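Any chance you could fold what I've pasted below:
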Amino acid sequence: MAIVIDDWGYNLRYLNFLKQIDVPLTISVLPNLRYSSKIAEQARLQDKEVILHLPLEPERKGREIGLEEHTITSEMSKDEIVENLKLALASVPYARGVSNHMGSRTTTDIQIMSVIFSELKKKQMFFLDNLVTDKSVCSELAGKLKLEFARRDFFLDNSDNYEYIKEQFKKLTDFARENGRAVGIGHAKLTTLKVLKDTIPLMQAQGIKFVFVS
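Numbering: from 1, shown residues only. Modelled structure (predicted):
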């Protein structure tokens, strides 16, 4: 079972949990933020896996959605996409792969994802699809390009409620038993990390093995 914790980089809160949760975890760091680099370095020191949480354009449908700086959008040229990806990777040291932050529009665009995947292939990196839309082209495209690929099975914390998150972990555990593997994604929030700390020893006692998403 692989657990990925998204949205690190805004602050240094909750870094202490990386010491307290003594299993392989994948830490997904947003780029170009004040603490992106420091968090990546600290995660590596705690023997966690680091990946870049790359901001991609969501479906807006007339809504005003706040985007991270350097979000890759459909208006960008190939050179702009490559440059933004390079900037993002430079701000998150030790990243072994990339996942999408938002991206319900971009992950359906085969041209943009081809540019991104080609760059990742050159760097021998993998892509984790957070699967924010069922129209994602990422799995099929990664197969064609022979890019290392994984995808989310469960979001763990759509509700910031201890019992809800605990129940999602149970579903993830059941899924892992049935399928031999599972990828769960949570976020760098206090409740989520508390559930992780409390629940992981119980999962280990039940024979669940934790691995990096790579």
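
What is the helix or strand T173 falls within packed up against?
Using DSSP states H and E, T173 maps to helix 162-179. Secondary-structure packing of helix 162-179 (3 or more C-beta pairs under 8 Å, 6 or more residues apart in numbering; DSSP states H and E): strand 154-155, strand 183-187, helix 190-205. Where you see a C-beta, it was placed from the backbone N, CA and C, and this is true even at glycine.

how about 10 Å then?
Applying 3 or more C-beta pairs under 10 Å, 6 or more residues apart in numbering; DSSP states H and E, one finds that helix 162-179 makes contact with strand 2-8, strand 154-155, strand 183-187, helix 190-205.

among these, which is nearest E167?
With C-beta to C-beta, the closest approach to E167 among the helices and strands packed on helix 162-179 belongs to helix 190-205: 9.8 Å.

Adding mean pLDDT, write the helices and strands packed on helix 162-179 out as a markdown table.
Formatted as a markdown table, the helices and strands packed on helix 162-179 follow (pLDDT from 0 to 100):
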| stretch | mean pLDDT |
| --- | --- |
| strand 2-8 | 98 |
| strand 154-155 | 98 |
| strand 183-187 | 98 |
| helix 190-205 | 96 |
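
Mind putting the ones you listed into JSON lines with mean neighbour count and distance to E83?
Putting those into JSON lines (neighbours: other C-beta atoms under 10 Å; distance: least, C-beta to C-beta, whole Å) gives the following:
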{"stretch": "strand 2-8", "mean neighbour count": "24", "distance to E83": "23"}
{"stretch": "strand 154-155", "mean neighbour count": "18", "distance to E83": "31"}
{"stretch": "strand 183-187", "mean neighbour count": "23", "distance to E83": "28"}
{"stretch": "helix 190-205", "mean neighbour count": "16", "distance to E83": "33"}
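
Format these as CSV; extra columns: distance to R96.
Output for the helices and strands packed on helix 162-179, formatted as CSV (distance: least, C-beta to C-beta, whole Å):
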stretch, distance to R96
strand 2-8, 12
strand 154-155, 22
strand 183-187, 15
helix 190-205, 21
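
Check the offset of the helix holding T173 from the chain's centre.
18 Å (C-alpha atoms, centre = their mean, to the nearest Å).
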